[in-house]
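Enquirer: Compute the structure for the input listed below.
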Amino acid sequence: MSGSLTTARPARTTAVGRAASGTASRRAAGWRLLGRELASRPRPLVRVALWSAVEAGPPLLSGVLIAAALDRGFLAHRPWAGLGWLLLFGLALALRAAAVRRIFPALSAVVEPLRDALVRRTVTGSLHAWTTGREPQDAGAVARLTEQVETVRNLVAALLRTFRQTAFALAAAVLGVAALSGRIALLVLPFTGLALLVLAGLLRTLTARQHSVVLADEALAREAGPVLDALRDVTACGATARAGAVLDAATDTQARAVAALGRAAAGRRAVVLIGAQLPLLAVVLALPGLVADGLLSAGAAAGAVTYLVTGLDPALRSLTTLLGTWGVQLDAVLGRLAETTAAAPTAAGTPDAAPPGPGALAARGLTFRYGPHAAPVVDGLDLDLAPGDHLAVTGPSGIGKSTLALLLTGLETPSAGGVRLDGVPLEQLPAARLRREVALIPQEAYVFAGTVRENLCYLAPDAEPAAIGDTVRALGLGPLLERLGGLDAELAAPGELSAGERQLIALARVHLSPARLTVLDEASCHLDPAAEARVEAAFAARPGTLVVIAHRAASARRARRVLHLDGVSAHLSSGAAKVS
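Expert: Got it, this is the predicted structure:
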């Protein structure tokens, strides 16, 4: 929220709760995005495919060559022939090593341009969303740029490097077993097919839960960014408990999403058991009978076991791990990048896209109590403030004036009823807009170490010199600036300023800001009456609506209307407020 008090609002968890909706369209959009980028560079992909085929030769030939070495060599008492078959296998492995060496330059030519293209797309999409008001400027875009794009680059490289090898090895193992013995293939293929079906179902669950993790990571970055950026404000305003609660909620959501993903990932073990270990057990039990009946030679039996142990089992393990971790991550991250970086037109009339309003405020049935059995501090208040209105709130100390200020600015959640700013409920306003258009200045003013200009322009970093000058003149900061040494004077020890001087700087900060609703909660109590009158006149003349929590009767006399709280009812000078 703009103003001297900067407090993060609780994270909205609905985004994570909607993770499962639209999963299919997000996945399709993500893979289309990847396909377009890869298709724009076909030559490196062709080189990768060709060298992958060469690399797959040894797994495909391993069982056949070992069977030939046994049946036509060693078991036939022809050791040199057996060694010759094994030498052919060694040559195939050497050729495979050469192919692997040639694959990596081709992989680099695929993944590095892909990363560059995704960075451009992410930056372009984020800038478009920020400049059109479709999204607030937060750390979510940084997470996409620094984490998700690099994740896509690493995962695509890993999958191209490892998945193609695994897929070829799995196909080679199945084809090799079928080439050696149709009977053994009939034992293996049903288990393998069932394992692949189980894997397909598991991947759907893993994909949905990985997407929830991605959203939770972004939500955590989005909530942590403003809090970490405003640590000085949070500490100075005593809002550490509230900021901690916000971050705790986001962290808990992220932890639950990760735990759910971990539970689903444990199902990968069942895939390996069904597709690799059960077929091996079935083949080992069947081999003695097949060999004894002459249906299978000893060499073919050894070759079949070789395919299962060195081909099918590691290939299925690798495939399950790759698709269950890297593949699921890639699917989720691609879908998120496609969803968030598309330069979609801004929807007209949405709260985030709407231009700043004039500052009209409306409260209906506004009620607040500190506990379920506590007496209400504010009870059923109806209040309308037109744009440009000037309201003073009076009443005894402890009657609830500051609580009302927190409710009107969205820093406290009402027990019942609600508050609208320019017709939009405060809880529906994006945090960036609410903090930009609503300002609350508490009694304890905060001035940070830095220049006077940095303190004044904290909420309006692009303020023109003329606007700064107008604020200085309107609030009477001239003598203070002259004493300090001008706008560029360093405030190395803000605590050395008097309480009134700190209040003047905080008031000027908000006066210069774009806030359309300003609430002064005894924000000028340390100023002398003349200076206070000048400050209130400056804020009353400023565009927007002004609410003053008054500690002096003069503040009430200067206001257009006065709301008096006596603990029983609320009395508005115009009669437009009542207690239900």
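
Enquirer: And the nearest residue to residue 418 once chain neighbours are set aside, how far from residue 366?
Expert: Leaving aside its chain neighbours, residue 418 sits nearest to residue 425 (5.4 Å; criterion: C-beta to C-beta, 6 or more residues apart in numbering). Quick note: C-beta positions are derived from backbone N, CA and C, even for glycine. Applying C-beta to C-beta, to the nearest Å, the value for residue 425 to residue 366 is 12 Å.

Enquirer: before we move on, the earlier item: would you report the backbone torsion angles of the residue nearest to residue 418?
Expert: Backbone dihedrals for residue 425, given as degrees, to the nearest 10, come out at phi -60, psi 140.

Enquirer: of residue 425 and residue 366, who's got more company?
Expert: Applying other C-beta atoms under 10 Å to residue 425 and residue 366 shows that residue 366 carries more neighbours, namely 25 against 13.

Enquirer: May I have the phi/psi pair for the more buried one?
Expert: phi -70, psi 120.

Enquirer: isn't it right up against residue 415?
Expert: No. When contacts are counted by C-beta atoms under 8 Å, residue 366 is not listed as touching residue 415 (9.1 Å).

Enquirer: circling back to that earlier point, would you mind grabbing the residues shared as contacts by residue 425 and residue 366?
Expert: 418-419 (C-beta atoms under 8 Å, 6 or more residues apart in numbering).

Enquirer: which stretches of this structure form strands?
Expert: For the chain, the strands defined by DSSP state E occupy 361-368, 378-385, 390-394, 416-421, 424-425, 438-441, 450-451, 490-491, 517-521, 545-549, 561-565, 570-572, 578-579.

Enquirer: Relative to the second one, what are the paired strands and their orientations?
Expert: Using DSSP bridges, the neighbouring strands of strand 378-385 in the sheet come out as strand 361-368 (antiparallel), strand 578-579 (antiparallel).

Enquirer: closest to residue 35 out of those?
Expert: Across the strands paired with strand 378-385, residue 35 has its closest neighbour in strand 361-368 (50.6 Å, C-beta to C-beta).

Enquirer: and the closest one, what's its mean pLDDT?
Expert: In this model, strand 361-368 has a mean pLDDT of 88.

Enquirer: Let me know the angle separating that strand from strand 517-521.
Expert: 40 degrees (axes from the mean of the first three to the mean of the last three C-alpha atoms, to 10 degrees).

Enquirer: Now do the buried residues in strand 361-368.
Expert: Within strand 361-368, the residues scored as buried using 16 or more other C-beta atoms under 10 Å are 361-363, 366-368.

Enquirer: now these in a markdown table, with distance to residue 227?
Expert: Converted to a markdown table, the buried residues of strand 361-368 look like this (distance: C-beta to C-beta, whole Å):
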| residue | distance to residue 227 |
| --- | --- |
| 361 | 27 |
| 362 | 30 |
| 363 | 28 |
| 366 | 27 |
| 367 | 29 |
| 368 | 24 |
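
Enquirer: From these, pick the one nearest residue 481.
Expert: For those, the nearest to residue 481 is residue 361 (33.0 Å; C-beta to C-beta).

Enquirer: got any ranges where the stretch 301-450 of the chain has weak pLDDT?
Expert: Applying pLDDT under 70 to the stretch 301-450 of the chain flags the ranges 307, 326-329, 332, 335-337, 339-357.

Enquirer: what about 50?
Expert: 343-354 (pLDDT under 50).

Enquirer: Same question for the chain.
Expert: Along the chain, segments meeting pLDDT under 50 span 1-21, 343-354, 575-580.

Enquirer: The closest residue in space to residue 224 that isn't next to it in sequence: neighbour count?
Expert: Among residues not flanking residue 224 along the chain, residue 247 sits closest, at 6.0 Å (C-beta to C-beta, 6+ apart). When counting by other C-beta under 10 Å, one arrives at 17 neighbours for residue 247.

Enquirer: What are the buried residues along stretch 148-158?
Expert: For stretch 148-158, burial by neighbour count (16+ other C-beta under 10 Å) applies to 148-149, 151-153, 155-158.

Enquirer: Mind picking the one among these that's closest to residue 71?
Expert: Distances from residue 71 to the buried residues of stretch 148-158, taken by C-beta to C-beta, are shortest for residue 158, at 39.3 Å.

Enquirer: Please report how far that closest one lies from residue 385.
Expert: For residue 158 relative to residue 385 (C-beta to C-beta), the value is 59 Å.

Enquirer: who touches residue 66 in this structure?
Expert: Counting by C-beta under 8 Å, 6+ apart, residue 66 has contacts 85-86, 89, 299, 302-303, 306.
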